[in-house]
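[1] Sequence first, then the predicted structure, then my questions.
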Amino acid sequence: MTDMTRKPAAARGAATSLLVLFLFATCASFMALKNKTDTIARRKVPGASIIYIPSGKFLKYATFGYSALAADLIYLWAIQYFSTPTIDDRFSHLDHIFAIISDLDPTYLDPYETGALIAQAEGHDTALAFKILDNGFAKNPTQWLLPFDAGHIAMMNLKDFDLAKKYFEKCMDLPGAPEFTRRLYANALYRKGDLETSWQTWLEIYNTASDERTKKIASNHLYQVKTAVDTGRLKEAAGRFRERFGRWPSELADLVRTGLVQALPKDLDGQDYVYDPKTGEVKAATIPWRR
Amino acid sequence: MKIGAIAGITFKEAKRDRILYLLFFFAAVAILASRVLAILTVGDRVKIIKDVGLASISIFGVLMAVLIGTSLVYKEIDKKTIFTLLAKPLHRAEFILGKFFGLVLTLLVMTAGMSLIFLAIVYLHTFRIEWTMLVAVAYIFLELVLITAVAILFSSFSTPILSSIFSLAFYLIGHLSWGLELLIKKMQAGAGRTAAQFLYTFLPDLENFNFKTEVVHNLPIPAGIFVYSFFYGIFYTAFILGLAILVFRRRDFI
Amino acid sequence: MADAIKIENLKKSFRLGFIPKTREILKGISFSVKEGEIFGYLGPNGAGKTTTIKCLLGLIFPDAGTIEIFGQPHLSTRARQALGFLPENPYFYDYLTASEFLAFYADLFGLPRDEKEKRIARLLKLVGLERAASLRLRKFSRGMLQRVGLAQALINDPKLVILDEPLGGMDPLGRKEIRDIIVRFREEGKTVFFTSHILQDIEMICDHVAIIVGGRVVKQGALQDLVSEKVLFTEMTVSGVPPEAFRGLGQSLSTQGDRVFLKILEQGRVDDVLALVRERKGQVVSLSPRTETLEDIFVETVTGT
């Protein structure tokens, strides 16, 4: 009897061992197959998911109160999408995509910045960059960074100083704006040619400067503006002299003598301006930054 | 054969479960609604319909497999119908396999139904029966078979809610395998990386069954992957079923 | 004749709870059931009756001990082919009809088609359900479910029939029917092993009993050996005589109208009471000597342990 009862236990043990062996065999098999499938390359279509972006209005309603989350996800996806160089026409939907993100979460600032950056730096579409930043600022009128970015683009890339001035003016008094924004504004005015307002602004900056460095910077700029004003006047007078007398004045004092200029202006440091009688060029004796 | 008998009544029982028809209904609605969705897109419309259709079959198929599979074995144990069954000269392995095949048969019927609706909707748009879609569906079905095995494994020792969570976790892990691959690429060689590589090869990679993108965009699929993916699915399913049998064999039914 | 069931030193403990605490349920059960007899397995709730049966059927794996069915190891296919089982409070696939249900179990035994149909018809007739063959199990009453369960237990024409509380929750008529069926099994040469709380039924039909208390078999043997013929006391119902007359002869247990219910402990006193009743011109309504019943043994055993 004991033999009969021992056999099933042994048989059970054998069956368990067989089962465990089976498990190892199948496991080894599928792991080997996994390695095989990894080696087979499969074509992926980059940017295929673009077609799933529906209109922003619809999306706002469809996201049931999770619109901010949806904005985040779409933004994350957009970053990946626009970083994929193999998608040739990816910029054609830039406007649409960032408009959607703005619709979903108007106060999310990063997408405005990034969108404008992508538009300008990679898409070479500065109008679109401005559009994105303007849209962002319209929805977030207290955010200095957006017009700041726009001013930066205007100044550095477009060299449109009037536009730059307008943008810097918008943000220089907003909370949080860096103090040098005003200086950028003043400089934009100078570059645009509005010397009067530029001088006023630089004077204001000089007077309200809180440290020596700022004072120095303002002083240099004031020097520069005064130089521009003075040399402009002198050159213009020299030009009139030439018209009248058919030659450049031999020295600046001639202008005073002929009554074309009341008195010879001196630069901000009290130095005389340097005059070249051969070309009629008037310039300052010192370079502003070397003062 | 005994497995066949159990598969038969499992099929009978599963097709009475209302969840099945609810999910089928939602799948049908989703496929039909893809037409509406298509109007809102910025790009190609038919591609959205195909993608939504295949995604619906996949997602609702997984839900069917998990929701029904996790209660299959549990219900028998809970309602004690299993007592009379296991007192018969029936191997516990035959019981598990019977349940598995019964549910697979049910899913086959459901998948076929959903595919029919899907092909019909695509036909309305392209006026062609796009048979290539069925390639993607076939491998979606293989994925469902594997998920069914997982659901039954968990169902044999855990409550339906926990089993569902574990099964869905398996599904998620299976689709995030590429994440682990990326991580491994950034790791420095050493014990950690070897362990991670082992884990990566062992954990399921359900993307092996995903041909949706290729089929929708009419991309060429290398012939090798059909065979390798198929056997990957077969062996992994066999492994999971083996585990389920191992767990179930020596279990006491208090 | 071989033993239908032979259990030796069966032990089983369970580890239950989140912090596993071991509870020993079966502490060394030993008993045997001869072929062709009806065997009753009794015990209070929680004693281990159902655990024993589940070990027998391979639903639970014992920690120690041996179980043999007709001389075969209990998990072998030959042993399983020879037995049929009806669990307590059976629950079946309620969407199947009675015929479909039995057909499924027949398939598990691999019965050929024509044999299957004949046997199903015969079994349904045996348990009195031939008219409910096409009714879904969901619509069955408790008693009907019990009976279809019994039919399922017999689908393979087993030599050994194991029943867990087969008479529970049934009305007296139903109990009588089941009892009759069990007795018929014995006449057919089958062995029946069953548990029950209803001791009167066990007393009526069992050949052998075993009493299990706290995981151990504390008493076992032939029923007639356990229950003696000794008269414990005599119960008499008398009318027409006031209770005071019986003082000293017996205990008056209750009075109803002019009837007095007496319990007479000494055998000799019975004749005295009868003489008194005749003298007073009363009437003996009933007289029954109470011998030791199984219930007495049971209560004595359980409370004594």
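    Everything's here; your move.
[2] okay, CA-based contacts and neighbour counts for the rest of this
    Will do.
[3] Any stretches of chain A with poor pLDDT?
    Across chain A, the ranges flagged by pLDDT under 70 are A:1-11, A:43-56.
[4] Ok, the stretch 1-150 of chain C next?
    C:1.
[5] For it, which segments are assigned as strands?
    Along the stretch 1-150 of chain C, counting by DSSP state E, counting those that start in this stretch, strands occupy C:3-16, C:21-34, C:38-42, C:64-69, C:72-73, C:83-86.
[6] Tabulate the ones you listed (JSON lines), appending distance to chain A and mean neighbour count.
    Formatted as JSON lines, the strands of the stretch 1-150 of chain C follow (distance: least, C-alpha to the nearest C-alpha, whole Å; neighbours: other C-alpha atoms under 10 Å in any protein chain shown):
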{"stretch": "strand C:3-16", "distance to chain A": "11", "mean neighbour count": "18"}
{"stretch": "strand C:21-34", "distance to chain A": "15", "mean neighbour count": "17"}
{"stretch": "strand C:38-42", "distance to chain A": "23", "mean neighbour count": "25"}
{"stretch": "strand C:64-69", "distance to chain A": "7", "mean neighbour count": "20"}
{"stretch": "strand C:72-73", "distance to chain A": "6", "mean neighbour count": "22"}
{"stretch": "strand C:83-86", "distance to chain A": "18", "mean neighbour count": "26"}
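[7] Out of those, which gets nearest to chain B?
    Chain B sits nearest to strand C:83-86 of all these, at 6.6 Å, using C-alpha to the nearest C-alpha.
[8] Can you point out the buried residues in the helix or strand harbouring A:Tyr112?
    When elements are assigned from DSSP states H and E, A:Tyr112 belongs to helix A:110-117. Going by neighbour count (16 or more other C-alpha atoms under 10 Å in any protein chain shown), the buried part of helix A:110-117 is A:111-117.
[9] Show me which of these is closest to chain C.
    The nearest one, if we look at the buried residues of helix A:110-117 relative to chain C and count by C-alpha to the nearest C-alpha, is A:Pro111, at 51.4 Å.
[10] Next one: that closest one from A:Leu76, what distance?
    Look at A:Pro111 and A:Leu76: by C-alpha to C-alpha, to the nearest Å, they are 9 Å apart.
[11] C:Thr52 too?
    In terms of C-alpha to C-alpha, C:Thr52 sits 63 Å off from A:Leu76.
[12] ok, and does stretch C:198-216 reach over to chain B?
    No - counting by C-alpha under 8 Å from any C-alpha of the partner chain, chain B is not contacted by stretch C:198-216; separation bottoms out at 15.3 Å.
[13] Straight-line length of that stretch, end to end?
    20 Å.
[14] Would you mind listing the buried residues in that stretch?
    Quick answer for stretch C:198-216 (16+ other C-alpha under 10 Å): C:199, C:202-203, C:205-216.
[15] How about stretch C:282-289?
    C:282, C:284, C:287, C:289.
[16] So for the first one, what's the pLDDT?
    C:Gly282 is assigned a pLDDT of 86 by the prediction.
[17] can you pull the contacts of the closest residue to it other than its chain neighbours?
    Excluding its sequence neighbours, the residue lying closest to C:Gly282 (C-alpha to C-alpha, 6 or more residues apart in numbering or on different chains) is C:Gly240, at 4.5 Å. Contact analysis of C:Gly240 by C-alpha atoms under 8 Å, 6 or more residues apart in numbering or on different chains lists C:258-259, C:280-283.
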